[in-house]
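# attaching a predicted model along with its sequence, questions to come.
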Amino acid sequence: MLLEKQGIVGLPNVGKSSFFNALTNSSAPSENFPFCTIDPEEARVEVPDPRIDVLYKLYNSSKKVPAYLTCIDIAGLVKGAHEGQGLGNAFLSHIRAVDGIFHLCRAFDDADVIHVEGAVDPVRDLEIIHTELRLKDCELITKHYESKGRDVARLGVNGDKSKKEEFAAVKKIYEWVVEKKKDARTGDWTGKEIDIINEFQLITAKPVVYLCNLSEKDYARKKNKWLPKIKAWIDENYPGDVLIPYSGTFENALSQLETEAERTDYCAQLAAKHEITVPIISVLPKIITTGYSALRLFYFFTCGPMEVRCWTIRQGTKAPQAAGVIHTDFEKGFIMAEIMKYTDLIELGSEAAVKAAGKYMMKGRETVITDGDIIHFKAGQVNASKK
Ligand SMILES: Nc1ncnc2c1ncn2[C@@H]1O[C@H](COP(=O)(O)OP(=O)(O)OP(=O)(O)O)[C@@H](O)[C@H]1O
Ligand SMILES: [Mg+2]
């Protein structure tokens, strides 16, 4: 099973643990994972998707199994962390181990919550964290660049061609990240270079979703003086990256309420207090789905009366490998994938109607699976259906 991890990264005291707790509290424990929180710092949260409920009803299933995203609460980084300031190095290695980053910054004022830099300034904070992450990558890349350079020089003209190619790739990464001071994720890389970036687990290569922690009032009003500045900083440095404003205070209060009615009531009272007419809702589902897709993940469904289930795969996965996510035998003995589009099923109302309309397709090995495909695999002697 593909279980990718998003690490929650930021300066100390910006609200990382409160965010993590709100995520954990708001995600219902599932049958598969009796405890959402794996340890105090790691939690598996459900990827919300209304489609699974629709399919669950349509197939009259006994069970539904959503997709999950693992989130890790990483302790705060401070300036100089790459040189071991704070508890820097240990936490930087935790960041190296995750697949993507929720970069959290603070835009709420509260004299009782100490800011390590003395005052609230999220743009400065974003710069601090980015610099630390990049410098940590620089240290690692420089080490490899120097040692591989020495190997190539030692072997001279008789040297192994593949070693020279490898050095050329490391040199290009070195020039981009160390000399040009750019993040690895903004570079233009060949397959070989990407392999090296993955092997080094470069922190600056990981996808980032920016989260801005607001006071409850600012979240309700959708207004905060820092938001346009943060947005401008992201657009200048990482065009296309997503910024999601949220409020730790609001999400925590909401996640502690038991029933939907209590939550609706809380939101209504908040709206009344700040004289807001548009409904105020939790942004956690959007944060989870954005974090999940930033990792280039999506899922296909298997549906039947036993269960409706989401299977996480990476973009570009072909049918046999998708079958292998269910069971390795299904990949080995792959014959074909019978695929229906979710939208066709909903539009036509039943599997039989989709078949009658000629939209139930038999697909072979080269088929690339797309988000929300409903699949029934045929494999060897084994009927790989989940029905
Ligand atoms: N939006 C907010 N408005 C006001 N206070 C908040 C908000 N979000 C979090 N806080 C408060 O800020 C304090 C620090 O939060 P938290 O412990 O989550 O930070 P952290 O980033 O995990 O810190 P550390 O790096 O030290 O682990 C807590 O007292 C929390 O209740
Ligand atoms: Mg914390």
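Alright, I've got the coordinates. Numbering: from 1, shown residues only. Ligands and ions are numbered 1, 2, ... in the order given.
# all contacts plus neighbour counts: C-alpha atoms, from now on.
Will do.
# now do the closest residue to E46 other than its chain neighbours, the pLDDT please.
The shortest distance from E46 to any non-neighbouring residue, by C-alpha to C-alpha, 6 or more residues apart in numbering, is to Y68 (4.6 Å). Per-residue pLDDT puts Y68 at 92.
# can you report phi and psi for Y68?
In terms of degrees, to the nearest 10, the main-chain angles of Y68 are phi -130, psi 150.
# now do the contacts for the most centrally placed residue in the chain.
In the chain, the residue lying closest to the centroid (C-alpha atoms, centre = their mean) is G291, at 3.1 Å. Counting by C-alpha atoms under 8 Å, 6 or more residues apart in numbering, G291 makes contact with 6, 100, 102, 209.
# can you pull the contacts of the third one?
Going back to what we said before, that points to F102. 6-9, 208-211, 291.
# repeat that for the first one.
Applying C-alpha under 8 Å, 6+ apart, one finds that Q6 lies in contact with 69-72, 98-102, 291.
# in this protein, which helix has the most residues?
helix 122-155 (DSSP state H).
# quick one: the next helix or strand after that helix to helix 122-155, angle?
The helix or strand immediately downstream of helix 122-155 is helix 161-174, counting by DSSP states H and E. Here the directions of helix 161-174 and helix 122-155 differ by 160 degrees (axes from the mean of the first three to the mean of the last three C-alpha atoms, to 10 degrees).
# go ahead and name everything in contact with the helix or strand just after helix 161-174.
From helix 161-174 onward toward the C-terminus, using DSSP H and E, the following helix or strand is helix 191-200. Helix 191-200 has contacts (C-alpha under 8 Å, 6+ apart) with 140-141, 166, 169-170, 173, 184, 205.
# how far does the longest helix of the chain sit from the chain's center?
24 Å (C-alpha atoms, centre = their mean, to the nearest Å).
# that helix - contacts with which helices or strands?
strand 100-106, helix 161-174, helix 227-237 (3 or more C-alpha pairs under 8 Å, 6 or more residues apart in numbering; DSSP states H and E).
# hmm, 6 Å instead?
The helices and strands touching helix 122-155, judged by 3 or more C-alpha pairs under 6 Å, 6 or more residues apart in numbering; DSSP states H and E, number zero.
# ligand 1 contacts on the protein?
Within the chain, the residues that sit near ligand 1 (C-alpha under 6 Å from any ligand atom) are 11-18, 75-76, 108, 113, 213-215, 247-249.
# next, give phi and psi for I374.
The phi/psi pair for I374 (degrees, to the nearest 10) is phi -100, psi 120.
# hang on, the earlier thing: quick one, the longest helix of the chain and helix 191-200 angle?
Using the same axes, to 10 degrees: helix 122-155 against helix 191-200 is 110 degrees.
# you'd agree F301 is in a strand?
Yes: assignment of F301 by DSSP: H, G, I helix; E, B strand; the rest coil places it within a strand.
# quick one: residues contacting it.
309-310, 374 (C-alpha atoms under 6 Å, 6 or more residues apart in numbering).
# adding neighbour count and pLDDT, write the residues you listed out as TSV.
Putting those into TSV (neighbours: other C-alpha atoms under 10 Å; pLDDT from 0 to 100) gives the following:
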residue	neighbour count	pLDDT
R309	22	96
C310	23	96
I374	26	98
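# isn't R309 right up against V65?
Yes: R309 lies in contact with V65 (C-alpha atoms under 6 Å); the separation is 4.6 Å.
# okay, and the helix or strand of this protein with the least pLDDT?
strand 37-39 (a mean of 53; mean pLDDT, DSSP states H and E).
# so what strands line up beside whichever helix or strand comes after that one?
Next helix or strand after strand 37-39 toward the C-terminus (DSSP H and E): strand 42-46. Sheet pairing of strand 42-46 (DSSP bridges) gives strand 37-39 (antiparallel), strand 68-73 (antiparallel).
# what residue ranges in the stretch 51-200 of the chain score low on pLDDT?
Low-confidence segments of the stretch 51-200 of the chain, defined by pLDDT under 70: 85-89, 157-159.
# try it again with 80
Applying pLDDT under 80 to the stretch 51-200 of the chain picks out residues 81-92, 155-160.
# against H274, how distant is the residue in it that ligand 1 sits nearest to?
In the stretch 51-200 of the chain, no residue comes nearer to ligand 1 than G76, which is 3.5 Å away by C-alpha to the nearest ligand atom. From G76 across to H274, the span is 32 Å (C-alpha to C-alpha, to the nearest Å).
# who has more neighbours, the two?
G76 (22 against 12; other C-alpha atoms under 10 Å).
# give me the element the nearest residue to that one once chain neighbours are set aside is part of.
Closest residue in space to G76, ignoring its immediate chain neighbours: P12 at 4.0 Å, by C-alpha to C-alpha, 6+ apart. Using DSSP H and E, P12 maps to neither a helix nor a strand.
# burial count for P12?
Neighbour tally, P12, other C-alpha under 10 Å: 20.
# do V178 as well
Using other C-alpha under 10 Å: V178 sits among 20 other residues.
# that one contacts D137, doesn't it?
No: contact criterion C-alpha under 6 Å: V178 and D137 do not qualify, at 8.2 Å.
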